[in-house]
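*Asks:* Here is a sequence with its predicted model. Questions after.
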Amino acid sequence: MKILFIIESLSSGGKERRLVSLIKVLSKRDNFNCELLLLSDKIHFTEIADIDVNISYLKRNIKKDIKILSKFNNLLKVIKPDIVHCWDNIAAFHFAPICKFKGIPFINSMITTAPPKLSKLSKRYFFNAVSYPFSDVILTNSKAGLGSYSVPQNKGKVIYNGFDLDRIDVNQKPEMIRQKLQIRNKKVVGMVASFTEKKDYQTFFTAGEIVLEKFKDVIFIAIGDGPNLKVLKKSIKPINNESFLFLGRQQDVESIVNIFDIGVLATFTEGISNAIMEYMVFEKPVIATGGGGTKELVINNETGYHIDAQNPVLLAEKILFLLNNPELAKSFGEKGAERIKSIFSIENMVNETIAMYREFSSN
């Protein structure tokens with residue numbers, strides 16, 4: 001079975017990591033031939049070079065370059081895929097009709113978030129809704145995503161993210177990371193997220209400053225980059241600057257997450273967060289905004305805490321409680337790791353995906 005995957009780029013991000021993990025496993029399975037189409041040359045996940053997958057590029061400005069449609073049509077003639085699996089909404093908007101016309105099953109994985117309120121007049125809703133009739137499956141990574149985007153019941157399907165347990169074997173031991181970051185005996189509270197409008201670092205930083213008023217022996221780490229980084233960095237009071245570390249984008253995220261005592265994710269919208277999965281598999285208690293798919297991933301009061309959006313006081317309260325109750329934090333972490341291994345494994349994700357593919361192909 002030949003699968004053509006389409007994604008804008010392999011830049012740093014949750015859906016990009018999920019796709020690379022899927023291709024990595026599929027490429028080793030018998031009867032599967034993976035093709036990858038990138039619409040830009042941005043590649044953060046350089047391990048793709050070590051995977052048995054043929055990569056094609058159609059670099060363009062998809063909003064203006066109408067020639068992209070004929071280029072894609074010609075590519076289909078060469079590759080002759082049994083299934084096209086697309087991971088971006090604008091690409092799905094352009095390419096799904098072509099696949100429908102040619103009779104090629106089209107799997108649409110453009111939904112990766114679950115915003116509580118999504119206007120039907122928004123561009124995001126428009127691109128998604130227009131592509132629905134041309135898609136055979138609208139695949140999301142959370143049940144909440146189906147509702148947020150009003151996915152037709154006869155086409156909607158949920159397959160949870162799968163965590164590749166090979167990533168538990170970190171490249172650098174905790175003591176090496178602590179030495180490199182000059183962290184001695186302090187507790188570590190971390191957040192892994194991009195500095196974009198969907199992530200709420202302001203709540204994380206404000207909560208951190210509240211915590212520091214009562215618990216000095218702690219340091220807050222932010223892993224990620226983005227357009228809001230400089231502004232948010234300036235929001236921290238100078239007196240607290242040494243208690244916040246900004247590490248930017250990291251290749252070896254797992255080694256750093258491994259030194260966290262608590263993993264935080266404050267957001268405005270979320271599907272199934274890869275960052276939270278990283279916290280959980282490394283046995284870290286989680287405190288996260290409770291909306292979207294997070295409620296399907298984190299069990300409140302069992303593997304961590306759900307908090308309201310934009311509530312730094314509550315976030316600080318939960319951080320302080322876990323810092324002062326290490327046995328409870330340890331219990332949350334252990335139960336979280338068990339949950340990832342039993343429900344959110346890469347094996348589960350791949351097997352469910354293969355079963356879906358086989359519904360549309362006889363190869």
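*Replies:* Arrived safely.

*Asks:* got the buried residues for the top helix by length along the chain?
*Replies:* Using DSSP state H to assign secondary structure, the helix with the most residues in the chain is helix 326-343. Of all the residues in helix 326-343, those buried under the rule 16 or more other C-beta atoms under 10 Å are 329, 332-333, 335-337, 339-341. For every residue, glycine as well, the C-beta is placed using N, CA and C.

*Asks:* same question, stretch 287-303
*Replies:* 287-289, 291-298, 303.

*Asks:* Lowest-confidence one in the residues you listed?
*Replies:* In terms of pLDDT, the weakest of these is Gly291, which scores 80.

*Asks:* where's Glu352, which helix or strand?
*Replies:* Per DSSP states H and E, Glu352 falls inside helix 346-358.

*Asks:* and that helix, what does it pack onto?
*Replies:* helix 14-26 (3 or more C-beta pairs under 8 Å, 6 or more residues apart in numbering; DSSP states H and E).

*Asks:* ok, residues contacting the helix it packs on?
*Replies:* With C-beta atoms under 8 Å, 6 or more residues apart in numbering as the test, helix 14-26 has contacts from 3, 5, 7, 9-10, 32, 34, 36, 44-45, 47-48, 51, 53, 87, 109, 112, 141, 161-162, 164, 271, 273-275, 346, 349-350, 353-354.

*Asks:* tilt between it and helix 346-358?
*Replies:* 80 degrees (axes from the mean of the first three to the mean of the last three C-alpha atoms, to 10 degrees).

*Asks:* taking the mean pLDDT, what do you get for helix 14-26?
*Replies:* pLDDT averaged over helix 14-26 gives 93.

*Asks:* For that helix, C-alpha coordinates in CSV please.
*Replies:* Extracted C-alpha coordinates of helix 14-26, given in CSV (Å, rounded to 0.1, in the frame of the first residue of the first chain):
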residue,chain,number,x,y,z
GLY,A,14,3.3,18.4,17.7
LYS,A,15,1.6,17.3,14.4
GLU,A,16,5.0,17.3,12.7
ARG,A,17,6.5,15.0,15.4
ARG,A,18,3.4,12.8,15.2
LEU,A,19,3.7,12.4,11.4
VAL,A,20,7.4,11.6,11.6
SER,A,21,6.7,8.9,14.3
LEU,A,22,4.0,7.4,12.1
ILE,A,23,6.2,7.3,9.0
LYS,A,24,9.1,5.8,11.0
VAL,A,25,7.0,2.8,12.1
LEU,A,26,5.0,2.4,8.8
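
*Asks:* Distance from that helix to the middle of the chain?
*Replies:* 11 Å (C-alpha atoms, centre = their mean, to the nearest Å).

*Asks:* And the next helix or strand past it?
*Replies:* Downstream of helix 14-26, the next assigned helix or strand under DSSP H and E is strand 33-38.

*Asks:* Phe205: what's its closest spatial neighbour, skipping adjacent residues?
*Replies:* Using C-beta to C-beta, 6 or more residues apart in numbering and skipping the chain neighbours, the partner closest in space to Phe205 is Ile236 (5.6 Å).

*Asks:* so how far is Val84 from the nearest residue to Pro105 once chain neighbours are set aside?
*Replies:* Distance criterion C-beta to C-beta, 6+ apart; nearest residue to Pro105, sequence neighbours excluded, is Phe360 at 3.8 Å. Distance, Phe360 to Val84, using C-beta to C-beta, to the nearest Å: 10 Å.
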